Each structure stands twice: as C-alpha cells, then as structure tokens.
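# from the sequence below, what's the structure:
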Amino acid sequence: GFLPDWIALVITWIHLLCGFLITIGLFTRLSALIQIPILIGAVIINLSMGIFTPGSELVFSMLVLVLLVFFLFEGGGEFSIDDFIKKHLV
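Predicted structure coming up:
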C-alpha cells in the first residue's frame, strides 16, 4: 500500500472529526488549518495518478482545498457555535 495502515486510519479520523467541527462551526479555523495539509496530500496524489484518468478525484480535492482556505480566513460565520459563544458567553 501507499501508506501504512495506522497512518491511513489516523488521517481518516482526523478528517472526519475536523469536517464535523467545521460543519457545526466549532473551532472552524483550527479545523481548517489541520485539514489543509491532508488535502494538499490528496491533490498531490491525484496529480501523480493523472488528471484525466477515470475515477480521478482531482477536481473534488481542489474544490475542498479552496473551501478550507476560505474557512481558514473567514471563520465559521454568523450561524456557527463559535459566533454564539463569542456573542453570548464571553
């Protein structure tokens, strides 16, 4: 395989956890920052497989990377848990 089994497992769980945190808007910027290297790796792997090969996920990986950079700079937004905590609990 390309990666040892434990690294693939750790990357999968980090990806799922950070994706959930971004979805609910908790620790949005930190979660995006943690996921950006994972998506850069996905883009590199997809580039090495070839852009036009059947089943290539390059466009999807690049789209998710762009969205992570957006959330890194913009944060969670008005309806996030981060914003609720900032307005009501601080």
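# off-centre distance for the strand or helix carrying Lys86?
For Lys86, the enclosing helix or strand under DSSP states H and E is helix 81-88. Distance of helix 81-88 from the chain centroid (CA atoms, centre = their mean, to the nearest Å) equals 22 Å.
# in that helix, what counts as buried?
Neighbour counts using 16 or more other CB atoms under 10 Å place Asp82 of helix 81-88 among the buried residues. Where C-beta positions appear, they are placed from N, C-alpha and C, glycine not excepted.
# what of stretch 22-40?
For stretch 22-40, the neighbour count (16+ other CB under 10 Å) marks Ile22, Gly25, Leu26, Phe27, Thr28, Ser31, Ala32, Ile34, Gln35, Ile36, Ile38, Leu39 as buried.
# for the residue nearest the centre of the chain, give me its contacts.
By CA atoms, centre = their mean, the mean C-alpha position of the chain lies nearest to Gln35, the distance being 3.9 Å. Shown in contact with Gln35 (CB atoms under 8 Å, 6 or more residues apart in numbering): Ile14, His15, Cys18, Gly19, Ile22, Leu68.
# export these as CSV, with columns for secondary structure, distance to Val59 and pLDDT.
Formatted as CSV, the contacts of Gln35 follow (DSSP: H, G, I helix; E, B strand; the rest coil; distance: CB to CB, whole Å; pLDDT from 0 to 100):
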residue, secondary structure, distance to Val59, pLDDT
Ile14, helix, 23, 95
His15, helix, 18, 94
Cys18, helix, 21, 97
Gly19, helix, 19, 95
Ile22, helix, 20, 96
Leu68, helix, 15, 97
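# are any of those residues buried, and if so which?
Among these, those buried by neighbour count (16+ other CB under 10 Å) are Cys18, Ile22, Leu68.
# about what we covered before: Gly77: which of the buried residues of stretch 22-40 is nearest?
Nearest to Gly77 out of those is Gly25 (CB to CB; 6.8 Å).
# who touches that closest one in this structure?
Gly76, Gly77, Phe79, Ser80, Ile81, Asp82, Asp83.
# one more pass at 6 Å, please.
With contact taken as CB atoms under 6 Å, 6 or more residues apart in numbering, Gly25 is in contact with Gly76, Ser80, Ile81, Asp82.
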